[in-house]
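Chemist: Got a sequence here, can you build the structure:
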Amino acid sequence: MTGFASVTGEDERATVAVTIRALNHRYLDLQLRIPQGLAALEADARALVAKRVARGRIELSLSLQLRQVPGVDVEFNDEFGRALEAALDRARARGLVSGALTPGDLLRLPQAITIRDRQASEDPSAQEAIAVQARAAVERALAELDAMRLREGVHLRGDLDQRRTMVADLVERIAAAADEGRAGMEQRLRERLDQLRTDVQVDETVLAQEVVRWAARSDISEEVARFRGHVSHWRALADSDEPCGRKLDFLLQEMNREVNTMGAKADGLRVSELIIAAKAELEKMREQVQNVE
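Modeler: Residues are numbered from 1 along each chain as shown. Below is the predicted model of the structure:
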């Protein structure tokens, strides 16, 4: 089932944006795009999606923009400091220099002090807070996606119910037309055999059995009964709270098989037309069921 949701969450630390797109797919196919700084959130995101979606291609994109001013790390090179101190001591002993080093002296020596910006994402507490914020944004986006898919599902359920009722009615009409066709075929067979009696002597019992046997070949009562069972099963699946898209897809294959068999066996003037109409409705239902989770 298709759907789209976009959520943005922000605080003094960061802005987190989540976009989710749902497309039709036979199975659950989850595609994630998460920044490296939130890579640990991937397992949580997959679990959150799996709780709400059972079928479909889900494309989830998460972006992160840090808003905190980065801190500063100042590192002193101890080894260089010791070597510099020893060198200055020797220079003082020889009377070449006097006095002590000042902080300004050290800042002018790039080997002595390293000043490095510290990103907020490197702070464990900040990382945890941003991860919580991102997880909440994913949950809100999934809730919006769920609501959108639910609204679409209501319309889809109405369409499928209408088509199911229509195709069930067509099958009942096929059954009635097939009964008329079978009765007509029996009558034609008897009339034809009556014409042949004047030329050929036949056993009346054997003749009656052959007429019944030929008529039985066009009997579709078993197929109609199975189709009615499929319709009842459809209602039960549609009313259930469990995901049923794949089951309905399989059920439609069985319903289509029964209608094909009816068309091959049944006889009657209206049967072919009704069979074509029923198969057309089943095909429309099959296309729609691809949208059902």
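Chemist: State the number of residues packed around the residue lying closest to Ile174 once chain neighbours are set aside.
Modeler: Distances taken as C-beta to C-beta, 6 or more residues apart in numbering put Leu274 closest to Ile174, at 4.7 Å, once the chain neighbours are dropped. Bear in mind the C-beta positions are built from the backbone N, C-alpha and C, glycine included. For Leu274, the count of nearby residues is 24 (other C-beta atoms under 10 Å).
Chemist: got it, and the one 10 residues further on?
Modeler: Using other C-beta under 10 Å, the number of residues around Lys284 comes to 15.
Chemist: can you list the residues that contact stretch 164-177?
Modeler: With C-beta atoms under 8 Å, 6 or more residues apart in numbering as the test, stretch 164-177 has contacts from 220-221, 224, 227-228, 231, 234-235, 255, 259, 262, 266, 268-271, 274-275, 277-278, 281-282, 285.
Chemist: again, only this time at 7 Å
Modeler: 220, 224, 227, 231, 234, 262, 266, 268, 270-271, 274-275, 277-278, 281-282 (C-beta atoms under 7 Å, 6 or more residues apart in numbering).
Chemist: From the residues you listed, pick the one nearest Ala47.
Modeler: Trp234 (31.7 Å; C-beta to C-beta).
Chemist: host element of the closest one?
Modeler: helix 221-239 (DSSP states H and E).
Chemist: Please check the contacts of stretch 164-177 and keep the buried ones.
Modeler: 220, 224, 227, 231, 234, 262, 266, 268, 271, 274-275, 278, 281-282 (16 or more other C-beta atoms under 10 Å).
Chemist: who's the residue nearest the centre of the chain bridged to?
Modeler: Nearest to the mean C-alpha position of the chain, by C-alpha atoms, centre = their mean, lies Gly56 at 1.3 Å. Per DSSP bridges, the residues bridged to Gly56 are Leu28.
Chemist: Next, Glu258: phi, psi?
Modeler: phi -60, psi -40 (degrees, to the nearest 10).
Chemist: which ones are touching it?
Modeler: 223, 226-227.
Chemist: From those, pick the one nearest Gln162.
Modeler: Out of those, the member with the shortest distance to Gln162 (by C-beta to C-beta) is Phe227, at 17.6 Å.
Chemist: Spatially, and excluding backbone neighbours, which residue is closest to the closest one.
Modeler: Glu258 (4.6 Å).
Chemist: so how far is the helix or strand harbouring Ala147 off the chain centroid?
Modeler: Assigned by DSSP H and E, Ala147 belongs to helix 124-197. Relative to its chain's centre, helix 124-197 lies at 18 Å (C-alpha atoms, centre = their mean, to the nearest Å).
Chemist: For the stretch 1-150 of the chain, which segments count as helices?
Modeler: 42-52, 78-93, 103-107, 124-197 (DSSP state H, counting those that start in this stretch).
Chemist: Out of these, which one sits most buried?
Modeler: A comparison of those by mean neighbour count, using mean count of other C-beta atoms under 10 Å, puts helix 124-197 on top with a mean of 16.
Chemist: model confidence over it, on average?
Modeler: For helix 124-197, mean pLDDT rounds to 84.
Chemist: Where in the protein is the helix or strand with the lowest mean pLDDT?
Modeler: helix 204-216 (a mean of 62; mean pLDDT, DSSP states H and E).
Chemist: quick one on the thing from earlier: out of the buried ones among the contacts of stretch 164-177, flag the one nearest to Asp161.
Modeler: Nearest member of these to Asp161, counting by C-beta to C-beta, is Trp234, at 9.2 Å.
Chemist: and the chain, what are its domains?
Modeler: Per automatic domain parsing, the structural domains of the chain span 3-68+123-150, 71-118, 153-289.
Chemist: Tell me where the stretch 1-150 of the chain is predicted with low confidence.
Modeler: 1, 68-72, 117-123 (pLDDT under 70).
Chemist: now with 90?
Modeler: 1-3, 9-15, 23-29, 34-43, 50-57, 64-134, 146-150 (pLDDT under 90).
Chemist: if we can go back for a sec, how about the buried ones among the contacts of stretch 164-177 in TSV, adding pLDDT and distance to Ser63?
Modeler: What follows is these, written out as TSV (pLDDT from 0 to 100; distance: C-beta to C-beta, whole Å):
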residue	pLDDT	distance to Ser63
Ile220	87	59
Val224	93	57
Phe227	95	51
Val231	94	48
Trp234	92	43
Met262	91	56
Ala266	83	61
Gly268	71	64
Val271	88	60
Leu274	93	56
Ile275	93	54
Ala278	94	50
Glu281	94	45
Leu282	94	44
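Chemist: Greatest separation within those: which pair is it?
Modeler: Trp234 and Gly268 (26.4 Å).
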